[in-house]
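Participant: fold the following and give me the result.
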Amino acid sequence: MRGSPTSPYRFGAGVAVALWLASGSVVAEPAGPSAEDIKAAGAEFDLGKQAFKKRAWVEASEHFEAADARAPSAVALELAIRSRDKAGQLDRAATLAELGLKRHAAEAAITKTAEAVLKRARAELHTLTVKCTPACELVLGTKLVHGLAATERTVFLAPGGAQVNASWSRGRTRTAPVQAIKGGSSEVAFEAPPDEKPPESTPANAGVPRSGPDRPAVQVAPTPTKDRGAEAGGGLPPLVFFVGAGLTAVAGGITIWSGIDTQNNPGPDKVREACAGQGTSCPEYQDGLDRQNRTNILLGVTAGLAVTSGVIGALFTDWSGKPEKSARVTPWVGVGSVGARGSF
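Facilitator: Purely as a prediction, here's the structure:
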């Protein structure tokens, strides 16, 4: 919301339509955020906005990054970039900016903020490209680099000596020193150490005495083979789809509540009355802005859950049921909702 204080609200009753339209630009992932993640992200975002108003920049950035970690959001990530920049942490702001451009290239607001930060960072800092095989998480010195594990990341370092650490599952790590110079760039590549192999299972006939003159021959029953017909109905059980549908419904309910709260508190009339002649710094206007940003995050998360549930139901779920009954179950995705219908 960046309009005048006389008309700060643009969220109306068409929540379901907005969800449907938003779902077209959301990338479905194997596992989306849970209802608990959504609530936690909203709480972190609100704390971040409060700290931002108080000019507690480092505190604000930590809350915005925590919100983005629980439920990825262009709005939360952009505010994290701005907070790190205002805190004088250009290196961390620029690292977040690179992540923002990679994740949300189509979002005008975060693109504008990120490009402005990166223009200064490339001239004042050292640009380091880190490649990992397979995807890894990064730590610069003692600071975790925000974002999911990736095969390639671009990070920024203040001039001087630094250490970059790559980490994988089961405590595997690699470390490399970097000498950062102003306006310079370099690249480092990591390959994960070999994973420890699990202990080999004991052979089925271990400990069975061999036949010979002093001991009778022992017949060892062959290991039964799997029936190929039993594997024909592969795929996820329908429960996975219905769990996703339930999470979508919960997220949708929270989003609708947030939209109604945005529309009514403090309300357009109160904003017009309280903010006349004060511009966008008016507290009532900022309150409405906070609530709309929260609603935008919830909209994106709910749309992602809806798309993920629909894809799982349509492509990855085994709806065949028991063979002795004739049944047909078909998943469907509606406007702001998902479900399944069938004939028996």
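Participant: residues contacting the residue nearest to Glu191 when sequence neighbours are not counted?
Facilitator: Distances taken as C-beta to C-beta, 6 or more residues apart in numbering place Thr133 nearest to Glu191, at 4.8 Å, with adjacent residues excluded. Where C-beta positions appear, they are placed from N, C-alpha and C, glycine not excepted. Shown in contact with Thr133 (C-beta atoms under 8 Å, 6 or more residues apart in numbering): Thr151, Ala189, Phe190, Glu191, Ala192.
Participant: quick check, nearest of those residues to Phe316?
Facilitator: Thr151 (24.3 Å; C-beta to C-beta).
Participant: now do the SS call for the residue lying closest to the closest one once chain neighbours are set aside.
Facilitator: Of all residues not flanking Thr151 in the chain, Ala135 sits nearest, at 4.8 Å (C-beta to C-beta, 6+ apart). On the three-state scheme (DSSP: H, G, I helix; E, B strand; the rest coil), Ala135 is labelled strand.
Participant: residues near Ala135, how many?
Facilitator: 14 (other C-beta atoms under 10 Å).
Participant: what are the boundaries of the helices in this structure?
Facilitator: 15-22, 35-53, 57-70, 74-86, 90-103, 108-124, 238-264, 268-274, 283-311 (DSSP state H).
Participant: could you pull out the buried residues of stretch 54-71?
Facilitator: If you call a residue buried by 16 or more other C-beta atoms under 10 Å, then stretch 54-71 has these buried ones: 56-57, 59-71.
Participant: and which of those residues is nearest Ala105?
Facilitator: Using C-beta to C-beta, the buried residues of stretch 54-71 come closest to Ala105 at Asp68, 16.2 Å.
Participant: my guess is that closest one contacts Ile81. True?
Facilitator: No - in this structure, Asp68 is not within contact of Ile81 by C-beta atoms under 8 Å, at 10.5 Å.
Participant: quick one: low-confidence parts of the stretch 1-150 of the chain?
Facilitator: Filtered on pLDDT under 70, the stretch 1-150 of the chain yields the residue ranges 1-31.
Participant: separation between Thr113 and Asp290?
Facilitator: Per C-beta to C-beta, to the nearest Å, Thr113 is found 18 Å from Asp290.
Participant: what's the distance between Leu305 and Gly253?
Facilitator: 12 Å.
Participant: on that earlier part again, could you redo the contacts of Thr133 as JSON lines and give each row neighbour count, distance to Ala51 and pLDDT?
Facilitator: Shown next, in JSON lines, are those (neighbours: other C-beta atoms under 10 Å; distance: C-beta to C-beta, whole Å; pLDDT from 0 to 100):
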{"residue": "Thr151", "neighbour count": "11", "distance to Ala51": "33", "pLDDT": "97"}
{"residue": "Ala189", "neighbour count": "13", "distance to Ala51": "37", "pLDDT": "97"}
{"residue": "Phe190", "neighbour count": "20", "distance to Ala51": "35", "pLDDT": "97"}
{"residue": "Glu191", "neighbour count": "13", "distance to Ala51": "40", "pLDDT": "96"}
{"residue": "Ala192", "neighbour count": "18", "distance to Ala51": "37", "pLDDT": "95"}
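Participant: just the ones in strands from those residues, please.
Facilitator: Thr151, Ala189, Phe190, Glu191 (DSSP state E).
Participant: which of those residues sits closest to Gly141?
Facilitator: Phe190 (16.2 Å).
Participant: ok, the nearest residue to Thr127 once chain neighbours are set aside - contacts?
Facilitator: Once flanking residues are discounted, Thr127 sits nearest to Ser185: 4.1 Å by C-beta to C-beta, 6+ apart. Ser185 sits next to His126, Thr127, Leu128, Thr129 when contact means C-beta under 8 Å, 6+ apart.
Participant: so which pair among those is furthest apart in space?
Facilitator: So, those by C-beta to C-beta: farthest apart are His126 and Thr129, at 10.9 Å.
Participant: which residues are in contact with each of the two?
Facilitator: Common neighbours of His126 and Thr129 (C-beta under 8 Å, 6+ apart) are Ser185, Ser186.
Participant: which of these two has more neighbours?
Facilitator: More crowded of His126 and Thr129, by other C-beta under 10 Å: His126, with 23 against 14.
Participant: and the closest residue to that one other than its chain neighbours, how many residues sit next to it?
Facilitator: Among residues not flanking His126 along the chain, Ala180 sits closest, at 3.4 Å (C-beta to C-beta, 6+ apart). Residues lying near Ala180 (other C-beta under 10 Å) number 19.
Participant: from Ala76, how far out is Thr113?
Facilitator: 12 Å.
Participant: so which of the two has more stuff around it?
Facilitator: Here Thr113 and Ala76 are compared on neighbour count by other C-beta under 10 Å; more neighbours surround Ala76, at 28 against 21.
Participant: ok so, going back, in JSON lines, list the helices of the chain along with distance to Gly160.
Facilitator: Compiled in JSON lines, the helices of the chain are given as follows (distance: least, C-beta to C-beta, whole Å):
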{"stretch": "helix 15-22", "distance to Gly160": "44"}
{"stretch": "helix 35-53", "distance to Gly160": "29"}
{"stretch": "helix 57-70", "distance to Gly160": "21"}
{"stretch": "helix 74-86", "distance to Gly160": "19"}
{"stretch": "helix 90-103", "distance to Gly160": "11"}
{"stretch": "helix 108-124", "distance to Gly160": "13"}
{"stretch": "helix 238-264", "distance to Gly160": "45"}
{"stretch": "helix 268-274", "distance to Gly160": "49"}
{"stretch": "helix 283-311", "distance to Gly160": "37"}
